[in-house]
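Here is my input; please provide its structure:
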Amino acid sequence: MKHLSLTAGQIAEMVKGTLKGAADRVITSVSGIKDAKADQLSFVGNKKYQHQLESTEAGVVLVCADLAGESTENRSLIVCENVDHAFATVVGMFAEEPPAWEAGVHPSAVVAADVKFGEGVSVGANAVIEAGAEIGNGVRIGAGCYIGHQVKIGDGTMLYPNVTVMYRCTIGRKCILHPGVVIGGDGFGFIPGKQGLVKVPQTGIVQIDDDVEIGANTTVDRARFGKTWIKSNVKIDNQVMIAHNVVIGESSILVAQCGIAGSAEIGRGVVLAAKAGVNGHITLGDGVQVAGTSGVVKSLPAGAIALGTPAESQREFMARFTLPSRFEKLNTKFKELTREVEELKAALKK
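Below you'll find the predicted structure:
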C-alpha cells in the first residue's frame, strides 16, 4: 500500500456514499473485515454478514443500505449503493503502482527481422517473436513469452511471463494474459483408423477481441477450421479450458477450472461458475448462469439458471433434491393416519 491518509468524509465524497459517524476519522490503508484495525477501511456488502460488524476493529466500513442503521460507536459507516464498486475505488487509491515496463527489446530476446513493432513496446528477457508478427503500440511482452508466426497483438495489451500465442492467432487491444496462458494450441481432434487414432488437422485460429482478461494457465485451442472466438470484455479465471471452435459472447465470466467442449456457443453475459462443464455442439443463451461443478449436456435458453449434473433448472433441481425429505414427511404422516384409522376401528368395535 502507498503512504496515504484520507478522512472518512473524503472517502464518502469519493465513492458518493452517505456518511454515518465522524467525518474526521483518518484511514491509512484497507483490509478485510476480520483483520482491519482502527486506521483501516473495510466493507460489508450484504446483510447476512451483519455479525462481522460486531467484532471488527475497522475505523471506517463501507456498508449496504440494509446496514445503514448499525452503530457508529468507535467507527464511521459509509452507506453505498454498490459496496463492491466503492471498495474497489478506495483500494485503487491506496494501491501501489505496478512495476514499470521499460520500452525496448531485451538483449536476450529473439525477434525475427520482419516483426512490426508499434511505439513504446516492451519485450522481456528470453522472449521469442517469430516472423510476420505485428505488435501494436504500448504492448508489453513478459519474459519467456512465445509469439508465433503472423500473430497480431493489439495496442495496450499485456502478456505476463511465459505466455504462448501460436501462429496466426490474433489478440485485440487492452487485453491481459496472465502467466502460463496458451493461445492456439491444437484442438483435441482424432478419428479411429486401422493403425489407431489419426490426428485431425487443426487449421483454424483463435481470435480474441478487445478488453479480454485471461487467467494463469488457461488454454484456448485453435479451431479445426475457421476460428475459436473470445468476444470483447470476456473475463476468464485461472486454469480454464476452451476447446476448438468455441464461441464466447461479450462480457461473459468463466470461473476457475471450468471447461467448454468443442463447437459450443456461449451467449453474451453468461456466467460459468467454478468447475462447470459444457458439452460440445450446444448453445447457452444470453445471460445463462451455471452453478459450480455443474455439467451442461443440452442447450439452454436465454436467462436460464442451471445446476447439478446433468444440469437442470432450479425448480427441477430443488424438486429432486428435496424429494427424500418430502417422502420422509409423507411417510410419517401416512403412519400417523394409519394409526388414527386403527384407533377408530378399535373404537367402533366397542
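
mind listing what's buried in the helix-or-strand element of the chain with minimal mean pLDDT?
For the chain, scoring each helix and strand by mean pLDDT, DSSP states H and E identifies helix 314-321 as the least confident one, at a mean of 72. By neighbour count, and taking 16 or more other Cβ atoms under 10 Å as the criterion, the buried residues in helix 314-321 are Phe317. Yep, even glycine has a C-beta here, placed from its N, CA and C like the rest.

same thing with stretch 130-145?
If you call a residue buried by 16+ other Cβ under 10 Å, then stretch 130-145 has these buried ones: 130, 132-136, 138-145.

Stretch 210-222 too?
Of the residues in stretch 210-222, Asp210, Asp211, Val212, Ile214, Gly215, Ala216, Asn217, Thr218, Thr219, Val220, Asp221, Arg222 count as buried by neighbour count, 16+ other Cβ under 10 Å.

now the helices for the stretch 101-250 of the chain?
Across the stretch 101-250 of the chain, reading from the start of the chain, there are no helices by DSSP state H, counting those that start in this stretch.

Quick one: low-confidence residue ranges for it.
Along the stretch 101-250 of the chain, segments meeting pLDDT under 70 are nowhere present.

Quick one: name whatever helix or strand follows the least confident helix or strand of the chain.
Helices and strands here follow DSSP states H and E; after helix 314-321, the next one along the chain is helix 323-349.

who are the neighbours in contact with the spatially closest residue to Gly189 that is not a sequence neighbour?
Of all residues not flanking Gly189 in the chain, Val200 sits nearest, at 3.5 Å (Cβ to Cβ, 6 or more residues apart in numbering). In this structure, Val200 makes contact with Gly189, Phe190, Ile191, Arg224, judged by Cβ atoms under 8 Å, 6 or more residues apart in numbering.

Burial check on Lys34, number of neighbours?
Other residues lying near Lys34 total 11 when counted by other Cβ atoms under 10 Å.

Next: the one 5 residues further on.
When neighbours are counted by other Cβ under 10 Å, Asp39 registers 16.

how close does it get to Ala58?
For Asp39, the distance to Ala58 equals 9 Å [Cβ to Cβ, to the nearest Å].

same check, this time on Asn74
Using Cβ to Cβ, we find Asn74 at a distance of 10 Å from Ala58.

contact partners of stretch 39-58?
For stretch 39-58, the surrounding residues in contact (Cβ under 8 Å, 6+ apart) are 11, 26-34, 36-38, 59-64, 66-67, 70-71, 75, 83-84, 86-87, 90.

Please save the CA atoms from stretch 75-88 in CSV.
The C-alpha coordinates for stretch 75-88 follow below in CSV (Å, rounded to 0.1, in the frame of the first residue of the first chain):
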residue,chain,number,x,y,z
ARG,A,75,-16.2,3.7,13.7
SER,A,76,-17.8,5.5,10.8
LEU,A,77,-20.0,3.9,8.3
ILE,A,78,-20.4,4.9,4.6
VAL,A,79,-23.6,3.7,3.0
CYS,A,80,-23.0,2.8,-0.6
GLU,A,81,-25.3,1.9,-3.5
ASN,A,82,-22.8,-0.6,-4.8
VAL,A,83,-20.4,-1.6,-2.0
ASP,A,84,-18.1,-3.7,-4.2
HIS,A,85,-17.6,-0.9,-6.6
ALA,A,86,-17.0,1.6,-3.9
PHE,A,87,-14.4,-0.6,-2.2
ALA,A,88,-12.6,-1.2,-5.5
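
residues of it that come out buried?
For stretch 75-88, a neighbour-count test (16+ other Cβ under 10 Å) marks Arg75, Ser76, Leu77, Ile78, Val79, Cys80, Val83, Ala86, Phe87 as buried.

next one: stretch 31-51
Judged by neighbour count (16+ other Cβ under 10 Å), stretch 31-51 contains these buried residues: Ser31, Ile33, Ala36, Asp39, Gln40, Leu41, Ser42, Phe43, Val44, Gly45.

hmm, back to that, could you give the angle of the least confident helix or strand of the chain to helix 323-349?
Our comparison of helix 314-321 with helix 323-349, counting by axes from the mean of the first three to the mean of the last three Cα atoms, to 10 degrees, yields an angle of 50 degrees.
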